[in-house]
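Chemist: after the sequence you'll find the predicted model.
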Amino acid sequence: MPLIETDRPSGTVLLHAGPTAYALRVDTGAGTVRTLHWGGPLTLADAVAAFEPDAEGNSFHSPLDGTEELAVDGQVRFAPPALDVRYADGTGSVEPVVDGYAVQEDAEGAELTVSLRDTGRPLGWRLHYRVHRDRAVIERWTELRHTGGHGEQPLTLVRHAAAQWNLPVLPEYRAGSVHGRWISEFQLRRTPLSVGETTWSSRRGHTGHQGNPWVTLDGGGATEESGEVWTVALATSGSWRTTVVRSAEGRCSVLTGSGHEGVELALAPGETWTTPVSAGQYGAGGFGGASRGWHAYTRATVLPAADELRPVLYNSWEATAFGVTFDNQRDLADLAAGIGAELFVVDDGWFGARDSDRAGLGDWTARPGVFPDGLRPLADHVHGLGMRFGLWVEPEMVNPDSELFRARPEWVLHLPDRTAHTLRNQLVLDFSRPEVAEWALEWLVRTVDAFDVDFLKWDFNRSFTEAGSTGGLTDARRVFVEHALGTQRVLDRLRAARPALRIEACSGGGGRVDLASLARTDQAWVSDNTDAVDRLAIQHGFSQVYPAQVMGAWVTDSPNPFTRRSVPLGFRFHSAMAGVLGVGGDLTRWSADELDEAAAFVARYKAVRETVQHGDQYRLGSPGDVSHAVQYVARDGAESVVLQWRVGPTGGVPVPRLRLRGLDPGAVYHVDDDSGTLPAGVVRTGAALAAHGLAAELPAGEYASRMLTVRREV
Ligand code: DGJ
């Protein structure tokens, strides 16, 4: 069966997205493209027959509102538009004409393009849809074109959403999203949706810690493993805006695109603007099912090297901060190799005059005096220990106290007559300028080559202020979008130039985690908060859309340097083993026993990481519960791993049993508990593990945790 079916006489187009369906109707006579269905499977005959009578008309209402694939501002429409244009004469009313649609199918999927234009003004736009074989996620984006010839006035895109997603009418709606701040990212919140417009946005020029560009919607009754859930995620790393409109009449639409409120784009004659991809997914398997769909999609179509196992890394930041020397890095590298780390990352402090955050950004040569022979001796030492060598970089930033700024002060984002405020003593380089991007690419490739760098941690430590483009963009605020696109081009070219290089996305922790960033990196640093307990909530929110194989997590010192909380080493490991395990503590202060224990945990992680990183993930409860767990099931079903935590003492409250998911009911499984709480030799059927589960009591006391390994009998 084709992935996209059409019925020309009725203008019906049906997209089969995995087990779900999306249908729309293209009405050339009326000049409209309207949503028919986004939900469970349909046949083309069902879609052709589908129609929704417009509500009885009156002079205060538009039947189009909340039903169009990309509503414009113009004609009889009152809902917030997805596309709002100002022509040179100051008017903005768009009158769409549908020119037609085309479908193309290839080996991986199929694409639909619907072409529209304004009746009389020089504006054309195309709605793009892509479905991938066996994936419920549908990708959508829009191309907008100034169709006028030379000499015509530019037009302004006031709103330029990538897509409008219309849900079926439900009696109630609930919206789910994550919010947070530095050191407290990805806090999950689900709240009833009020009538009106609810907007999540970043006005910072990067994805941000305060929110993340995805939203889930359900009818209020979905649970972790049941119920219908619609999710929309935007693939952008610059400013963004997602608005959910719940109309007074009861309809619900999601409008999402790059640029925050007021970031308008000027389009010159002949120019085309392509929005980022907005990906949408419907599923009937609750929030857990939705997450597994996003994880599978990210693995199959977003990540550049999805099949690789991520190495266990050691990072020096919390151990040495800016005080990096050859000796202290060598000592840490020796200890890291001893516990089984596979990648050693020298964090901030190795370059320029970087002895604090006040100087050096922009001067990407090894610190004179500290590394008189450059980084080569350290890189060789790390490689000699059998580890890969990684370096921290922050290419988009400059300290005013740097050679680069003294030579190129005009390269920073600024407004000529305004104070350029520094944050963390740094300014942002304008990556929308080709010469800035060329400069960055040149030194990045040179550095990677000079020291055989295997891995870069690419950081970004401040939000934009006084942002105007310095590179001649006519609409200076466009830099809130264009800077991130410039950065993406550098990342793409860097990867193409050095295909073996692996990259970690970081922005003061999790300030730049999104599908656009993950398309050109291998993992993400999720938070500067490395407290193993705080991390559980952060990781719970992160996992809603992003998979464990990109979720970097370190075991650090106790008490934690940020929170001062003391947590046992085992708990710290179990918390970090839920993603891509790393170690970030000052190993020179760990006792011989602690190092031995760490080595044992690293070995245990390596034995199960294929299942953690590439398996299907099931959340068993949430961090607010007395105890909760995350379960991973290997893709071949042979192994399942459960990581379970309890923060406080139970005080005698019974703990709900761990009922496992995703196992073969008829198979027999052997359960191993690394805390020794379950007796040795527990054997159960998959059916019993799902129906009755396992006793969930953990060792007594606070901060109890364990890993269960569940292996199918052969
Ligand atoms: C912020 C990152 O999130 C930290 O891990 C560390 O790399 C510092 N920047 C270094 O300045």
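Modeler: Alright, I've got the coordinates.
Chemist: can we go C-alpha only for contacts and neighbour counts from here?
Modeler: Noted.
Chemist: so what's the residue count around Ala248?
Modeler: 10 (other CA atoms under 10 Å).
Chemist: try Trp273
Modeler: With other CA under 10 Å as criterion, Trp273 counts 16.
Chemist: quick one: buried residues of stretch 126-142?
Modeler: 126-133, 135-142 (16 or more other CA atoms under 10 Å).
Chemist: kindly apply the preceding question to stretch 346-361 instead.
Modeler: 346-355, 358-361.
Chemist: so which residues on this structure come close to the ligand?
Modeler: Residues of the chain found near the ligand (CA under 6 Å from any ligand atom) are 317, 347-348, 506-509, 528.
Chemist: keep only those of those that are in strands.
Modeler: Residues of these located in strands (DSSP state E): none.
Chemist: tabulate these (a markdown table), appending distance to Thr298 and pLDDT.
Modeler: Below are these laid out as a markdown table (distance: CA to CA, whole Å; pLDDT from 0 to 100):
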| residue | distance to Thr298 | pLDDT |
| --- | --- | --- |
| Trp317 | 29 | 98 |
| Asp347 | 27 | 98 |
| Asp348 | 29 | 98 |
| Cys506 | 18 | 98 |
| Ser507 | 20 | 98 |
| Gly508 | 23 | 98 |
| Gly509 | 20 | 98 |
| Asp528 | 24 | 98 |
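Chemist: what residues are up against Gly701?
Modeler: Residues in contact with Gly701, defined by CA atoms under 8 Å, 6 or more residues apart in numbering, are 648-649.
Chemist: could you verify that it is part of a strand?
Modeler: No - Gly701 is assigned coil when assessed by DSSP: H, G, I helix; E, B strand; the rest coil, not a strand.
Chemist: please name the nearest non-neighbouring residue to Val550.
Modeler: Gln523 (3.9 Å; CA to CA, 6 or more residues apart in numbering).
Chemist: tell me which element Leu112 is part of?
Modeler: strand 109-118 (DSSP states H and E).
Chemist: what lines up beside that strand in the sheet?
Modeler: strand 96-105 (antiparallel), strand 123-132 (antiparallel) (DSSP bridges).
Chemist: quick one: buried residues of stretch 593-611?
Modeler: 595, 597-599, 601-603, 605-606, 608-611.
Chemist: list the buried residues for stretch 405-416?
Modeler: 405, 411-414.
Chemist: where does pLDDT dip in this structure?
Modeler: 472-474 (pLDDT under 70).
Chemist: list of residues touching the longest helix anywhere in it?
Modeler: With secondary structure taken from DSSP state H, the chain has its longest helix at helix 592-614. With CA under 8 Å, 6+ apart as the test, helix 592-614 has contacts from 307, 309-310, 312, 338-341, 547-549, 569-570, 573, 577-581, 587, 632-635, 639-641.
Chemist: buried members of those into ChimeraX, please.
Modeler: Here is the ChimeraX command that picks out the buried ones among the contacts of helix 592-614, judged by 16+ other CA under 10 Å:
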select :310,312,339,340,341,547,548,549,569,570,573,577,578,579,580,581,587,632,633,634,639,640,641
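Chemist: ok so, going back, what about the buried residues of stretch 346-361, which are in strands?
Modeler: Using DSSP E, the buried residues of stretch 346-361 in strands are Val346.
Chemist: between the buried residues of stretch 346-361, which sits nearest the ligand?
Modeler: Asp348 (4.8 Å; CA to the nearest ligand atom).
Chemist: what about the spatially closest residue to that closest one that is not a sequence neighbour, which helix or strand?
Modeler: Excluding the flanking residues, the one nearest Asp348 by CA to CA, 6+ apart is Trp392, at 5.6 Å. Assigned by DSSP H and E, Trp392 belongs to strand 388-393.
Chemist: ok, Arg706 next?
Modeler: Element membership for Arg706 (DSSP H and E) is strand 704-712.
Chemist: equivalent analysis for Leu660, please.
Modeler: Using DSSP H and E, no helix or strand contains Leu660.
Chemist: quick revisit: the longest helix of the chain: what's the following helix or strand?
Modeler: As assigned by DSSP H and E, the chain's next helix or strand after helix 592-614 is strand 616-620.
Chemist: now that following strand against helix 592-614, angle please.
Modeler: 110 degrees (axes from the mean of the first three to the mean of the last three CA atoms, to 10 degrees).
Chemist: strand 616-620 pairs with which strands, and in what direction?
Modeler: strand 628-633 (antiparallel).
Chemist: output the strand it pairs with as CSV, restricted to C-alpha atoms.
Modeler: Coordinates of each C-alpha in strand 628-633 appear next as CSV, following Å, rounded to 0.1, in the frame of the first residue of the first chain:
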residue,chain,number,x,y,z
HIS,A,628,10.0,4.7,40.8
ALA,A,629,11.9,2.9,38.1
VAL,A,630,12.8,3.0,34.4
GLN,A,631,12.8,-0.2,32.5
TYR,A,632,14.6,-0.8,29.1
VAL,A,633,13.8,-3.8,26.9
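Chemist: now do it: everything it contacts.
Modeler: With CA under 8 Å, 6+ apart, strand 628-633 has contacts from 578, 611-612, 615-622, 639-646, 660-663.
Chemist: try 6 Å this time
Modeler: Contacts to strand 628-633, defined as CA atoms under 6 Å, 6 or more residues apart in numbering, come from residues 612, 615-622, 640-645.
Chemist: same check on stretch 525-540?
Modeler: Here stretch 525-540 has contacts from 183, 185-187, 506, 509-510, 552, 560, 572, 575, 623, using CA under 6 Å, 6+ apart.
Chemist: do stretch 153-169 as well
Modeler: Contacts for stretch 153-169 (CA under 6 Å, 6+ apart): 69-70, 82-88, 141-142, 251-257, 264-268, 275, 278.
Chemist: equivalent analysis for stretch 637-644, please.
Modeler: Here stretch 637-644 has contacts from 628-633, 705-712, using CA under 6 Å, 6+ apart.
Chemist: top of the residues you listed by neighbour count?
Modeler: Within these, neighbour counts (other CA under 10 Å) peak at Tyr632, which reaches 30 neighbours.
Chemist: could you measure from it over to Val714?
Modeler: 19 Å (CA to CA, to the nearest Å).
Chemist: again, but for Asp363
Modeler: Asp363 is 58 Å from Val714, by CA to CA.
Chemist: ok, the two, which is more surrounded?
Modeler: More crowded of Asp363 and Val714, by other CA under 10 Å: Asp363, with 21 against 7.
Chemist: my read is the more buried one is in a helix, agree?
Modeler: No - counting by three-state DSSP, one finds Asp363 to be coil, located in no helix.
Chemist: what's near enough to touch the closest residue to it other than its chain neighbours?
Modeler: Using CA to CA, 6+ apart and skipping the chain neighbours, the partner closest in space to Asp363 is Gly352 (4.9 Å). Neighbouring residues of Gly352 by CA under 6 Å, 6+ apart: 360, 363, 365, 367.
Chemist: okay, now Asp449: neighbour count?
Modeler: What Asp449 shows, counting by other CA under 10 Å, is a neighbour count of 12.
Chemist: can you pull the phi/psi pair for it?
Modeler: Dihedral angles of Asp449 (phi, psi; degrees, to the nearest 10) stand at phi -70, psi -40.
Chemist: nearest to the ligand, of the contacts of Gly352?
Modeler: Once CA to the nearest ligand atom is applied, the member of the contacts of Gly352 that ends up nearest the ligand is Gly360, at 11.5 Å.
Chemist: correct me, but the closest one touches Asp348?
Modeler: No - Gly360 lies out of contact with Asp348 (CA atoms under 6 Å); the separation is 10.3 Å.
Chemist: how far off centre is the helix or strand where Val481 lies?
Modeler: Here Val481 sits within helix 479-497, counting by DSSP H and E. The chain centre lies 16 Å from the centre of helix 479-497; the measure is CA atoms, centre = their mean, to the nearest Å.
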